[in-house]
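Asker: when you get a sec, could you give me coordinates for this:
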Amino acid sequence: MESGYLENERPGSNVRTWVEISLERIATNLEAIRRRIGKGTDVIAVVKANAYGHGASVVARFLRDQGVTSFATATLEEAIEVRCVVPDAQILVFSGCDSGQEPRFRGHNLTAAVFERGRVPDVKIEVEVDSGMGRLGVPHAQAGSFLAQLRNRLAGVYSHFASADADVEFSRFQLKNFLSATSGVGCRRHIANSAGLRFPDAHLDAVRPGLALYGIAPCPAVSDVRPVLSWKTRILSLRHMSAGESVGYNRTYIASSPRVIAVLPVGYADGYNRAFSNKAQVRIRGRLVPVVGQISMDLTTVDVTEVPGVSQGDEVTLLEADPESPISAAALAQSLGTIPYEVLTSIGNRARRFYYKPAFK
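Answerer: A predicted model of the protein is given here:
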């Protein structure tokens with residue numbers, strides 16, 4: 001690997017909260033995706049939202065080294081960040097090009113999404129077709145004539161599945177709409193997101209994996225990927241509580257017996273959701289222990305009474321890179337009634353990213 005990756009560097013005792021990312025697992029997930037789609041289909045790596053919390057610059061550069069030549073971001077600013085590390089790749093900006101942004105798009109050689117009939121910016125474009133998502137995109141029934149007007153300018157056309165993880169019938173309906181609307185366009189076509197990988201006839205010219213690249217199975221039919229990220233912190237302080245004493249805001253936890261409480265330097269400002277209060281678990285010295293009391297902006301408290309030898313400075317795992325773990329991204333998301341995307345993208349920049357190859361130490 002070229003210099004610049006943080007390979008084999010370990011967080012020192014002065015690093016209080018950090019994320020560990022296995023580049024080897026990213027490569028393995030990429031290969032699993034490539035096996036599914038075959039050699040005739042490209043991978044458009046989705047690296048929006050800081051590569052789903054994994055660090056867009058390092059992840060994009062690593063994927064470039066693995067032969068990925070096309071990327072997608074949500075915003076112009078994200079695209080410019082990625083362009084700095086992948087100078088020759090194609091980068092699609094899903095949010096399009098606002099009036100006045102054309103010089104920056106041209107200067108950084110970016111491609112703008114066009115998702116409605118109207119002003120078409122004088123930059124490279126891909127048109128989004130609404131095949132049934134009902135969010136952005138030119139309605140599929142109107143797309144044919146619009147695409148014909150732009151035929152010589154199109155870098156691509158694409159659509160987005162609404163429920164590829166759960167609704168096969170509607171997904172096939174969307175695919176039919178998209179194929180009909182884009183027949184004969186003469187440029188690359190793509191519709192399959194991570195869950196859409198389950199449909200071979202939707203692979204077309206390219207696929208757009210996001211969550212699958214980062215190892216979270218989007219549905220049971222696409223489960224040949226492994227999580228990439230773990231999130232850790234250290235015990236900041238240990239407190240000894242007597243029965244009847246409380247911890248944290250609003251006294252939501254009151255000790256029924258003498259307890260040992262560890263204070264962790266991470267809170268909802270770091271992305272550790274306040275809804276984990278009195279609900280989540282973390283791992284210390286191999287043991288799962290409960291979060292107790294309200295999670296505050298910068299601090300979380302956990303009950304370590306049953307952890308032998310627990311000490312200030314001990315490593316604490318908040319999120320494990322194991323799909324079967326009760327503190328995996330998927331498990332934490334389920335406990336919140338949300339999806340893994342939200343858990344991963346919520347991890348803030350106060351947590352330093354460390355990148356490893358081979359996998360975790």
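
Asker: on the three-state scheme, the most centrally placed residue in the chain is what?
Answerer: With distances taken as C-alpha atoms, centre = their mean, the chain has Y52 as the residue nearest its mean C-alpha position (2.3 Å). Here Y52 is recorded as helix under DSSP: H, G, I helix; E, B strand; the rest coil.

Asker: in the strand or helix carrying R172, what's buried?
Answerer: Taking DSSP states H and E as the definition, R172 sits inside helix 168-181. Within helix 168-181, the residues that qualify as buried are S171, Q174, L175, N177, F178, L179, A181, counting by 16 or more other C-beta atoms under 10 Å. (Glycine included, C-beta is placed from N, CA and C.)

Asker: helices or strands up against it?
Answerer: Using 3 or more C-beta pairs under 8 Å, 6 or more residues apart in numbering; DSSP states H and E, the elements in contact with helix 168-181 are strand 124-130, helix 140-149.

Asker: please name the nearest non-neighbouring residue to I327.
Answerer: Of all residues not flanking I327 in the chain, E320 sits nearest, at 5.1 Å (C-beta to C-beta, 6 or more residues apart in numbering).

Asker: number of residues surrounding E31?
Answerer: Number of residues near E31 (other C-beta atoms under 10 Å) recorded here: 12.

Asker: one more: A166?
Answerer: 10.

Asker: ok, it - contacts?
Answerer: Going by C-beta atoms under 8 Å, 6 or more residues apart in numbering, A166 touches C219.

Asker: now it: how far from A195?
Answerer: 8 Å (C-beta to C-beta, to the nearest Å).

Asker: right, so of the helices and strands packed on helix 168-181, which gets closest to L92?
Answerer: Closest approach to L92 among these (C-beta to C-beta): strand 124-130, 5.8 Å.

Asker: where among the helices and strands packed on helix 168-181 is average confidence lowest?
Answerer: Ranked by mean pLDDT, the helices and strands packed on helix 168-181 bottom out at helix 140-149, which scores a mean of 92.

Asker: that one vs helix 168-181, what angle?
Answerer: 30 degrees (axes from the mean of the first three to the mean of the last three C-alpha atoms, to 10 degrees).

Asker: same for the helix or strand just after helix 140-149, what does it pack against?
Answerer: Going down the chain from helix 140-149, the next helix or strand is strand 154-158, by DSSP H and E. With contacts defined as 3+ C-beta pairs under 8 Å, 6+ apart, strand 154-158 has these neighbours: strand 124-130, helix 140-149, strand 188-190.

Asker: now do 6 Å
Answerer: strand 124-130, strand 188-190 (3 or more C-beta pairs under 6 Å, 6 or more residues apart in numbering; DSSP states H and E).

Asker: check which residues of it are buried.
Answerer: Neighbour counts over strand 154-158 (16+ other C-beta under 10 Å) mark L154, G156, V157, Y158 as buried.

Asker: beta partners of the third one?
Answerer: When bridges are taken as DSSP bridges, the partners of V157 come out as V127, R189.
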